[in-house]
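Enquirer: Just the structure for this:
(one chain, ligands or ions: 1)
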Amino acid sequence: MKFVSILMGSKSDYSVMEECAKTLEKFGVLHEVVVSSAHRSPERTHQYVKNAEAKGAKVFIAAAGMAAHLAGVVASLTTKPVIGVPMKGGVMEGMDALLSTAQMPGGMPVGTVAIGSAGAVNSAYLAMQILAIEDEELAAKLKEDRILKAKKVETDSMGIEI
Ligand code: RP5
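Expert: Predicted coordinates:
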């Protein structure tokens, strides 16, 4: 069964990554959330990615903070798209995680989104946009969502017509 896999380096990342899961739920996209660390549980991470791919994971989302190697490790284990979400925290408020996640060597990409909450939500959207290439129903839902977002801008503009 096709699904999106969400990995987090720590349970402490879930307060932010919950928004990713909720966004996927809103669109009815199957997903599973797993805590596994690149550093604290490397073997578990390897085993999970291999099993998840065999079970039908089509896109991996990996969130981690500080020396955030989780997305890079996941990318080393699969040729499915990997989206990295840098978590805030540590002394650099997520800049350390952003660079650790994004600065992958050539040929080993991690599609990296914004630090924290916006990144968590965008990781879900990006995963869905990837799935929607071959899922017309999901593509239609994403288009409808864009229309609603544009309408909200108009509503928020307090009666000023353009
Ligand atoms: C990273 O270290 C995790 O992804 C988390 O963002 C950060 C801190 O982890 P905890 O000490 O809260 O478990 O590996």
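
Enquirer: Could you use CA atoms for every contact and neighbour count after this?
Expert: OK.

Enquirer: hang on, isn't Ala132 packed against Leu126?
Expert: No: counting by CA atoms under 8 Å, Ala132 stays clear of Leu126, with 9.7 Å between them.

Enquirer: got the phi/psi numbers for Ala64?
Expert: Main-chain dihedrals, Ala64, degrees, to the nearest 10: phi -160, psi 160.

Enquirer: before we move on, what about Glu93?
Expert: Taking degrees, to the nearest 10 as the convention, Glu93 sits at phi 50, psi 30.

Enquirer: How far off centre is stretch 153-162?
Expert: Distance of stretch 153-162 from its chain centroid, counting by CA atoms, centre = their mean, to the nearest Å, is 32 Å.

Enquirer: Check which helix or strand the spatially most central residue of the chain maps to.
Expert: The chain has Ser123 as the residue nearest its centroid, 3.2 Å off, counting by CA atoms, centre = their mean. Assigned by DSSP states H and E, Ser123 falls within helix 117-131.

Enquirer: list the buried ones in stretch 137-153?
Expert: By 16 or more other CA atoms under 10 Å, the buried positions in stretch 137-153 come out as 138-139, 142.

Enquirer: whoops, stretch 95-113 was the one
Expert: 95-102, 104, 109-113.

Enquirer: Helix, strand or coil: sort out Ile6 for me.
Expert: strand (DSSP: H, G, I helix; E, B strand; the rest coil).

Enquirer: Kindly report the residues of the chain close to the ligand.
Expert: Residues of the chain lying close to the ligand (CA under 6 Å from any ligand atom) are 8-10, 12-13, 64-66, 87.

Enquirer: Using neighbour counts, trim the residues you listed to the buried set.
Expert: By 16+ other CA under 10 Å, those give 8-9, 13, 64-66, 87 as buried.

Enquirer: What segments of the protein are helices?
Expert: 14-26, 42-55, 70-77, 95-102, 117-131, 136-156 (DSSP state H).

Enquirer: Could you export these as a markdown table, including mean pLDDT?
Expert: Listed next are the helices of the chain as a markdown table, based on pLDDT from 0 to 100:
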| stretch | mean pLDDT |
| --- | --- |
| helix 14-26 | 98 |
| helix 42-55 | 98 |
| helix 70-77 | 98 |
| helix 95-102 | 98 |
| helix 117-131 | 98 |
| helix 136-156 | 96 |
